[in-house]
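Undergrad: Okay, predicted coordinates and the sequence, questions at the end:
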Amino acid sequence: MLQEYFQDSLDASQAKKEAQKLTFYPMMFQASRVMRSLGILQEVYENRRKGITPEEIANKLKLPYYGVNLLLETGLTIGLVHLKEENIYTLSNMGYFLLIDKATIVNLNFSHDVCYKAMYHLEESIKKELPCGLKEIGMGEATTIYPGLSKLKEPIKSSWFDFDHYYSDKAFPVAMKIIFEDSPKYVVDIGGNTGRWSIECCKFDENVNMLIVDLPGQLEKAMKNIGEMNFQDRISGIARDVLSDNFNLPGDVDVIWMSQFLDCFSEDQILLILSNIRNTINENTSVYILELFWDRQKDIEAAYCLQGTSLYFTAVANGNSKMYHSRDLYELIKRAGMEVITDVDNVGEFHTLLKCKKTN
């Protein structure tokens, strides 16, 4: 559905302009972020009807005139503000969304706090297939980000979890209705993270029991949250590495659930995970996979964000995974001895929900 966007439709003049803009993207990103964080955009927004001068903003925020004026002039070229009249600024539509829109703010904080410094190590990460940028977020000795998620420093930790939860939270209510159409009684949540999905399942259906499978650090955090919500009698957990050769699950499971999980692994690792799952379930178990596929998005902007997320996986998360094309995951599911029974796009706007079954 995005094929039309991937044509080389720019003439030479347009292509050169876009290339020139690309060379200064990092600086323009930081200028935009600082305009927001210092309150400059907020002042322009609050005075959007009559407009406001750089001097007035500098006085109000007790900032140097030089910096305020510089950022407003830069904001003009970015498109965040425009001139109502000479030296009097008002907010543009783009500036409004940078200031107010939750998705934009979540993406901005994630890019700055988690990814920005780490991207300096992207070339090294590509060559080594290792997350060489982890050192920039205080995890220089780690091989992946996942075991240390619960120990990340602020604001890195909040920005990571806000980013992760924003997209999953939009999809969860829709996915839950689909999964509980078959009234499952025993659901395994692989990669349970903070326990949010399992908790919501227990709220949705009083008869379901949940099992969370995750790494020790994440499982400890999840079980703490579950205890605070008083669901410890219906949600249990096991600390287990899904890449282990002896990985196994209870045989009487109705549903296996994986949300935004498989994109955290390389293709070889995904094949191992799916094969391990296939070897422990029976023909009645449904395996649900909730993922964001860049080729299934409704617009180029969403695909653009997902490609940016792939770069995060390369330089920060693990060095060898990404947001996949749907055909790649389909092929891995088939090779693991399973088949896709149903395929639902636009779950919570961006996700695709796959229902899989074991093949003979």
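TA: In hand now; what should we look at? Numbers count the residues shown, from 1 in each chain.
Undergrad: from here on, contacts and neighbour counts on C-alpha atoms
TA: Will do.
Undergrad: Look up how far Thr285 lies from Tyr186.
TA: Distance, Tyr186 to Thr285, by C-alpha to C-alpha, to the nearest Å: 10 Å.
Undergrad: shared neighbours, those two?
TA: 253-255 (C-alpha atoms under 8 Å, 6 or more residues apart in numbering).
Undergrad: so, if you compare those residues, which one comes nearest to Phe313?
TA: Val255 (27.6 Å; C-alpha to C-alpha).
Undergrad: Assess the claim that that closest one and Ser183 are in contact.
TA: No. Assessed by C-alpha atoms under 8 Å, Val255 is found out of contact with Ser183, at 10.0 Å.
Undergrad: higher neighbour count, these two?
TA: Shown here are Val255 and Ser183; by other C-alpha atoms under 10 Å, Val255 has more neighbours (25 against 14).
Undergrad: Which residue lies nearest the spatial centre of this structure?
TA: Residue closest to the average C-alpha location in the chain (C-alpha atoms, centre = their mean): Asp164, at 4.6 Å.
Undergrad: Okay, and it sits in which element?
TA: Assigned by DSSP states H and E, Asp164 belongs to helix 156-179.
Undergrad: Give the pairing partners of the helix or strand just after that helix; include direction for each.
TA: Next along the chain after helix 156-179, taking DSSP H and E as the criterion, comes strand 186-190. The strands beside strand 186-190 in its sheet (DSSP bridges) come out as strand 209-214 (parallel), strand 255-259 (parallel).
Undergrad: And Arg234, how far from Met119?
TA: From Arg234 to Met119 the distance is 42 Å (C-alpha to C-alpha).
Undergrad: Please disregard the earlier target; I meant Ile88.
TA: 37 Å.
Undergrad: Those two - which one has more neighbours?
TA: Met119 (22 against 17).
Undergrad: For that one, give me its contacts.
TA: By C-alpha under 8 Å, 6+ apart, Met119 lies in contact with 133, 311-312, 315.
Undergrad: need the residues you listed in a markdown table with neighbour count and secondary structure, can you?
TA: Below are the contacts of Met119 laid out as a markdown table (neighbours: other C-alpha atoms under 10 Å; DSSP: H, G, I helix; E, B strand; the rest coil):
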| residue | neighbour count | secondary structure |
| --- | --- | --- |
| Gly133 | 28 | helix |
| Leu311 | 23 | helix |
| Tyr312 | 25 | helix |
| Ala315 | 27 | helix |
